[in-house]
Every structure is written in structure tokens, then in C-alpha cells.
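*Asks:* Pasting a predicted model and its sequence here:
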Amino acid sequence: MGSQTYPVAGGLQTETAPSRHGYLEEIHSWIVTVDHKKLGIMYIVYALLFLVIGGLEAILMRIQLAAPGLHFLEPQTFNRMFTMHGTTMVFLVGMMILFGFGNYLVPLMIGARDMAFPRLNAFSFWMSALAGILLYFSFIGGNGLAGTGTAPDMGWFAYAPLTEKAFSPGHTTDYWTIALLANGIGSIGTSINILATVFCMRTKGMTLMRMPMLPWLYATMSFLTLLAISPLTAAQAMLMIDRYLGGHFFDTQAGGSAILWAHFFWIFGHPEVYVLVLPAFGMASEIIPVFSRKAIFGYPAMVAASVSIGFISLGVWAHHMFTIGLTSYGNAFFTLSTMLVGVPTGIKLFNWLATLWGGKIQYRPPMMFAAAYLIQFLIAGLTGIMLSVSAWDWQLHNSYFVVAHFHYVLVGAIVFMLFSALYYWYPKMTGRMLDEKLAKWHFWLFLIGFHLTFDLMHIPGLLGMPRWIYTYEADRGWGTLNLLISIGGVIQGIAVLIFVYNMVHSYFKGELAGPDPWDAWTLEWATASPPPSYNFATDPVVGSRRPLWDLKHPDDPDSAFE
Amino acid sequence: MSTVTLQHETDTEWRQPAKGTVAMITLIIAESAIFTIFVVAYLYYIGRDVHGPTPKQVLEIPWANSVCLLSSSLFIMLAEHAIAHGKMAAFKLWWAVTFLLGLIFLVGTGVEWKKLIFEDHLTISTNLFGTTYYSLVGLHAFHVIVGLLLMLVVLVLALLGFVEKKHAERVKTLALYWHFVDVVWIVVFTVVYVVGR
């Protein structure tokens, strides 16, 4: 399977031996690169680095919460940990790794040689990368380099007026604000780039309705990023005006409104969840068909569902604010609009199931993670529907039930799908396969750890345990559950370390992949692994949604049925 | 190396939109979202001040300014038309007129702010009106400045003779941005000087 090559018009045979440079030249070539593949890999590596850092912060919190009344972390350190964990995971891990895959895959899948604006692409990456440095510099510079290390401690959604100068002195909040501004500029730049690439750079014959699902999902995600990140950028600018110029946007003592910040933040914050999950949908829509050996079921419905999820998600933000006290009309509207998201999401789930139905399912590592993703995403969606009911939300708001719900989405769905994608596209990016035995260890440990942590986490939430508390009393009866949750967290940490080891080990020792190790159908598998810098020597021409299927089966091409 | 061609409709022309245009439209979408947030904040805070000065006391409607800025959209259209037909002299003239009108608008805003700061003692930290007014009008003025700088680059290159008919597409992209700046002014004008006053 892996040894055969299917040269499309455009697949290149010239084997350019890697010229031996010094390591300084190698580093230089990465820093000055405008190649979408190199930038994509840098995004992914950068994000994985912060995944480990953000994971460590989570583990520190879980050690503190493992038993009642512990003093492992100071209360304020605990606040800093959950703020940094949230901000890191959303902006430095989630956004970065997804844009990394987008950068790498979108041009290859649509048969382009690069993104529409390669230099804007490099600029966006370095802006986003700057954000991580700014955010983590706050650990040493937050109180003005006085030697007392510190970090932002107001929670990842930074509710006003806690962020005002009077309540958050020093520069910690400023580092947080400016990091998010820099990251936002990078994200908007990349989104513009992805949209221009998808709409202007497709290869001949690839109409929008022949485009693979992943570029479709990335286009939707980019559109949503434009509409979601911009309000955050505006709100951050307002916060900076308050803190530096003495403005009163969120200064409640001068008539400013704390609720307005909450609205502005969640106008960003809720679509952001969809910004993160839409690429995962795209990855699932590429990987599930390949390992079911069937074309995706209901392609037009999938496209329509993706785009409508994007639109609906713009009108649901206040479900994060039921306890702030909306009017009953507001509650009803946001309850119903939130439930409405379940319709297109359900369409997607059923289409994936229908893709599996009757297929020859191969449980290789990408498919294992994808199968877990399907089940976990369903559960995450169901607790989401529960929380969309405002009366239920009043009871459970800011409890561990909510924490369990959104981690089910972010870890159970998005991180599982990201692992699936890493196993699936790692051979394309490096030319070598990841070790399957280690992959199985990684999968089962991560699965067990995940369910131990996040299944159980719903229960202390139902019992009334609020989030953001650094400890709790023994007579609450939350101790055993919290201990098990913490053990699950450590198991997940071990699983991730196995994965990191596998990535490094396989880079040097892994089995050679060849251009098309999974016998897949989209254009990125038509070129060498790793692809040459120009991707395709001549522009490929496509006649269906599965150009490589057409190539491998000239007697029975998809294009004959369009 | 054997290659298989996959095409079935080779003869149909393969056309996609210009990437500059798509990028500018998507940038405008993002910018619109930013302005929307500032406009919402402005509308939300109208009349919520605990002390003055109030908009009614200090704001004067900038008619002359607004006419200059809005008419510049007309002149930039003439410039776009001129370069598309290769009339470079006309292009330079209309482009310079657009630039000057934008500059007059910016100077007008500066004069207005000078009056507000030194005569009416309204700064960004005075009250909610000051905070929202300087932020919203300032955000728009910042976009005018960016537009003027970009237009100045084109103007200098045009006067040196580097801009030709083949650059019509790029000029059109920049003009799209300028039209956006003008449309935003209509919104800002309505919100600040009509609704807010």
C-alpha cells in the first residue's frame, strides 16, 4: 500500500537530497521562511510546547485539589495557574495548532503552491508567537521586574471591574491584554489569508463543491474568526484605554458597566469555541472516510451544516451570562438559539455515523482517536444542551459541571481529534510513520485518564463544588472524587509524554511513509512526503471530490458520477 | 513517469476572484466587527455620565469636514475610472484631490479636538462621554491616517511615474478600503452627532 506512488500531473519525482547545512543555517532558514508548510510545522511545534506547559499548570492545580485542605499552592498562585492554563490552552495551543494544520493542509488539499499571501502568513505566525512570549514574560515582569515573579490572576475571561487599575495593580493584566491583542492580530491575518487562499487559489477543476471538507471547515472557521476575534481586540483596546489613559469603559465607579465587558467578551468567547471545534470537524471529515474506506456521506449536507453552525454560533453568547440577570425574553432567546446549534451538529454526527455504516473500518491510530472523538463529542453536546436551559444553568453555573462540560468539548472532542490528525498527517509532514505500539499505549492511557477525570468531574459539580476555589473542606464529601479526578489528570499527562517521545523517536527512527501511506484520496497525498517546497511541479487538475481515487481507479472514477 | 489527466471539462475557463479584493473584503468584515463594538459601547453609555460636559454642551456638527470626507469617495472613483482607462494625468489629479480632502478631514478633526480639550476641558479620562467619544472618533481617525499614508505612497509613486494602467487592480483594492472609511464615518457621524447629541 505505502510503497506505491500515484503520480498525478504534478507529482514530482526528482529526489532532491537534503543539502547538509550547518545548524545555524538551518535555524535561519526556518526563521526567514514564508513557506506555508514550514510555518504550519512551526505553529504546531509551538502549540505542542505550550500544550505541555498548560498541561503542567493543570496538573499543579489538580495536585492542590486532590485532597481537602491542602497547601500545595498559595491561593493567589492557584488563581494565576487557572488564568494561565485557560489563556494558554485557548490562544497559544488551540488557535495556534489549528492554524498550523490549516496552514499546512489547506494549500496542499486545494492543489496550490502556497497560501495567497506568504509574507502575511509569516507575519501572522510571528505575531501569534510573540503573544506567548509576552504572556509568559509576565511571570518575571508582571510587577515591574521587581524580582517577585507573578502572572495574571483574574481568570481567562477577566471580568470587569477586577481588571481595572484599582483592583489589578502592576502590569500582569497589561501583559495579558497585550498578548491577546498580538495573538488576535495574528489570528485575523491568518484568517484573511485562509479565506483568500480558499476562494482564489484552488487548482483547475476544483469547484467549491469539489473541495475537500477540511478547507470548507477552515473557511468557515476563518470567517468566524474575523467576526469573533475582532470584538475581543476591540474590548482589549478599551481595557487598555481604561488602564493607561484613565478611561471609564469598565470603571463601575464612573458609570462604566461590568456587564458590557461580559457581553463583549462572550461575543468573542462563544464563537471562539466553534472556531476551535470547526477544524476538528474538518479533520474528522477527512479521516473517518479514509479509515472506513468509503466516501463521506452527505457531502452537501455536511457543508451546509458547517456553515450554519458558524452563523448560529454568533447568536448564542449570552448563555454564558444567564446568572448575570437577563430579561426573561433574553433567557428564552439564548436558550432556544443555543439548542438550535444541536440541529446542524446532529446532522454532522449522523453523517459521520452513516460514513462508518457498512464501511471496512480499519482501527489504525488516527481512527481510534476519531472513534473516541465521536462518542465524546456526543456526550459533550448533550451536557451542552442541558446547560442551555437557563433554569438548569442557574443551578450549575460556575460549578465543576460546567468545567467538565467544556473540557469534554475541548479535550474529549478537539484534543482527541488533534491527536488523530497528528497521527494521520505526521507521515506527510516528516516522511516517517509514528510508532503504532506506542500510539496504542498513548490512546488507551489518554482515554482512561480522560474519562477518569472528566466523567467524574460532573459529579462534584452537581454536588455544588464551584470552580476557581483553591481548596475545600473535608466534610463536603468531594475528597474521593477529586482524588480520582487528579489521578486521571496524571494519567493523561503520562500519555502525552509517551506521545511526545513517539514524535521525537519516530522522527529519526520511524518507518518510511512514502507519499500515500493511508491509501487516501485528497491531493496532499499525491506529492512526496514531506512535500517539496513548491508542493506540485505542475498544477494538478481535478474532476471530482476524490482526485486520487479517480487516479487509482481509472475504470470507476468518481468524476463519472458527477 | 506516467501521468493521468483527471480533467473532464478542459475547455471551460477557470476563473477565481482576485485575491487582493477578497483579502480587502475580509479585512473590512473584521474591521466592521471592531467598529460595531465601539459603536455599541458609545450608544450604551449615552446619558449615563455622572458629571459633564455632555455632548449637547460641547459638540458642534462638523458639516464641512463630513462633506470633504464623503466627497472624497466620489473623487477616488474618478481616479479608479481614470487608471482603468490608462488616463494617468487624470488619475494623478483625482488621486491628489482625494488625498487632500482626506487631509482636510483629519486637520478638521484635530481642530475640533483642540477646542474640546483646551476650551471645554473634555479629555478621554474626564467622563464616559470623553472616553467613548475619543475612542470611537479616534479609531476612525486612525483609519483615515492609515488610508492617507497608503494613498501618499501611491501618489508619490505615481508622480515619479511608477504607477501604470496595469496597477488598476491594486488601486481598486486600496479604494475599497477608502470607501469603507467613508461609510464608517456616516455611521460614526449619525451615532455621535445625531443620536448622541
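*Replies:* Structure received.

*Asks:* Tell me which other helices or strands the lengthiest helix in chain A touches.
*Replies:* Criterion DSSP state H: the longest helix present in chain A is helix A:258-292. Under the contact criterion of 3 or more C-beta pairs under 8 Å, 6 or more residues apart in numbering or on different chains; DSSP states H and E, helix A:258-292 touches helix A:96-109, helix A:213-245, helix A:299-312, helix A:328-356, helix A:365-388, helix A:416-430, helix B:19-45. Every residue, glycine included, has its C-beta placed from N, CA and C.

*Asks:* Show me the shaky parts of chain B.
*Replies:* Scanning chain B for pLDDT under 70 picks out B:1-12.

*Asks:* Show me the helices in it, by range?
*Replies:* Secondary structure of chain B by DSSP H: the helices cover B:19-45, B:55-58, B:63-84, B:88-118, B:128-159, B:168-189.

*Asks:* In JSON lines, list these along with distance to A:Cys200.
*Replies:* Below are the helices of chain B laid out as JSON lines (distance: least, C-beta to C-beta, whole Å):
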{"stretch": "helix B:19-45", "distance to A:Cys200": "4"}
{"stretch": "helix B:55-58", "distance to A:Cys200": "45"}
{"stretch": "helix B:63-84", "distance to A:Cys200": "20"}
{"stretch": "helix B:88-118", "distance to A:Cys200": "26"}
{"stretch": "helix B:128-159", "distance to A:Cys200": "21"}
{"stretch": "helix B:168-189", "distance to A:Cys200": "13"}
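
*Asks:* Make TSV from these and add distance to chain A and mean neighbour count to it.
*Replies:* Converted to TSV, the helices of chain B look like this (distance: least, C-beta to the nearest C-beta, whole Å; neighbours: other C-beta atoms under 10 Å in any protein chain shown):
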stretch	distance to chain A	mean neighbour count
helix B:19-45	4	20
helix B:55-58	15	15
helix B:63-84	20	19
helix B:88-118	13	17
helix B:128-159	4	19
helix B:168-189	12	19
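
*Asks:* pLDDT below threshold where in chain A?
*Replies:* Ranges of chain A meeting pLDDT under 70: A:1-21, A:142-149.

*Asks:* Geometric centre of it: which residue is closest?
*Replies:* Against the mean C-alpha coordinate of chain A, by C-alpha atoms, centre = their mean, the closest residue is A:Gly94 at 3.3 Å.

*Asks:* Surely that one is within a strand?
*Replies:* No. Secondary structure of A:Gly94 (DSSP: H, G, I helix; E, B strand; the rest coil): helix, not part of a strand.

*Asks:* Verify the stated contact: it with A:Leu276.
*Replies:* Yes. Between A:Gly94 and A:Leu276 there is a contact under C-beta atoms under 8 Å: 4.7 Å.

*Asks:* anything in contact with each of the two?
*Replies:* Overlap between the contact sets of A:Gly94 and A:Leu276, as judged by C-beta atoms under 8 Å, 6 or more residues apart in numbering or on different chains, is given by A:Leu410, A:Ile414.

*Asks:* How about the residues of the stretch 451-562 of chain A by chain B?
*Replies:* Residues of the stretch 451-562 of chain A lying near chain B by C-beta under 8 Å from any C-beta of the partner chain: A:Pro540, A:Val541, A:Val542, A:Gly543, A:Ser544, A:Pro547, A:Asp550, A:Leu551, A:Pro554, A:Pro557, A:Ser559.

*Asks:* Is it possible to mark the buried ones in those residues?
*Replies:* Neighbour counting with 16 or more other C-beta atoms under 10 Å in any protein chain shown marks A:Pro540, A:Val541, A:Val542, A:Gly543, A:Ser544, A:Pro547, A:Asp550, A:Leu551, A:Pro557, A:Ser559 as buried within those.

*Asks:* and A:Gly412, how many neighbours?
*Replies:* Residues within reach of A:Gly412, counting by other C-beta atoms under 10 Å in any protein chain shown, total 25.

*Asks:* Please report the number of neighbouring residues for the spatially closest residue to it that is not a sequence neighbour.
*Replies:* In this structure, A:Gly412 finds its nearest non-sequential neighbour in A:Gln376, 3.2 Å apart by C-beta to C-beta, 6 or more residues apart in numbering or on different chains. Counted with other C-beta under 10 Å, the neighbours of A:Gln376 add up to 24.

*Asks:* so A:Gln376 makes contact with A:Phe416?
*Replies:* Yes. At 6.4 Å, A:Gln376 and A:Phe416 qualify as touching, with contact defined as C-beta under 8 Å.

*Asks:* Spit out the residues that contact those two alike.
*Replies:* Listed as contacting both A:Gln376 and A:Phe416 by C-beta under 8 Å, 6+ apart are A:Phe450.

*Asks:* one step back: let me have the helices and strands packed on helix A:258-292 in TSV, adding distance to A:Gly477 as columns.
*Replies:* Listed next are those as TSV, based on distance: least, C-beta to C-beta, whole Å:
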stretch	distance to A:Gly477
helix A:96-109	38
helix A:213-245	39
helix A:299-312	39
helix A:328-356	32
helix A:365-388	22
helix A:416-430	31
helix B:19-45	44
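
*Asks:* Need the winner for burial among the ones you listed.
*Replies:* With neighbours defined as mean count of other C-beta atoms under 10 Å in any protein chain shown, the helices and strands packed on helix A:258-292 peak in mean count at helix A:96-109, which reaches a mean of 27.

*Asks:* Could you list every helix and strand that that helix packs against?
*Replies:* Other helices and strands packing on helix A:96-109, by 3+ C-beta pairs under 8 Å, 6+ apart, are helix A:36-65, helix A:118-141, helix A:172-200, helix A:213-245, helix A:258-292, helix A:416-430.

*Asks:* just so I know, which of the ones you listed lies nearest A:Ile498?
*Replies:* helix A:416-430 (11.3 Å; C-beta to C-beta).

*Asks:* which helices and strands sit right next to that closest one?
*Replies:* When contacts are defined as 3+ C-beta pairs under 8 Å, 6+ apart, helix A:416-430 packs onto helix A:36-65, helix A:96-109, helix A:258-292, helix A:365-388, helix A:436-462, helix A:479-509.

*Asks:* what's the most buried one of those?
*Replies:* helix A:96-109 (a mean of 27).

*Asks:* between that one and helix A:416-430, what angle do the directions make?
*Replies:* Comparing the axes of helix A:96-109 and helix A:416-430 via axes from the mean of the first three to the mean of the last three C-alpha atoms, to 10 degrees yields an angle of 50 degrees.

*Asks:* CA atoms only: put helix A:96-109 into CSV for me.
*Replies:* Taking Å, rounded to 0.1, in the frame of the first residue of the first chain, the C-alpha atoms of helix A:96-109 are listed here in CSV:
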residue,chain,number,x,y,z
MET,A,96,-2.0,28.0,17.1
ILE,A,97,-2.2,24.3,16.4
LEU,A,98,-5.4,24.7,14.4
PHE,A,99,-3.9,27.5,12.3
GLY,A,100,-0.8,25.3,11.9
PHE,A,101,-2.8,22.5,10.4
GLY,A,102,-4.8,25.0,8.3
ASN,A,103,-1.6,26.5,7.0
TYR,A,104,-0.1,23.1,6.2
LEU,A,105,-3.1,21.4,4.7
VAL,A,106,-5.3,23.9,3.0
PRO,A,107,-2.9,24.8,0.1
LEU,A,108,-2.0,21.2,-0.4
MET,A,109,-5.6,20.0,-0.4
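
*Asks:* how far is it from where the chain is centred?
*Replies:* Centre-to-centre, helix A:96-109 and its host chain are 12 Å apart (C-alpha atoms, centre = their mean, to the nearest Å).

*Asks:* Good, wrapping up.
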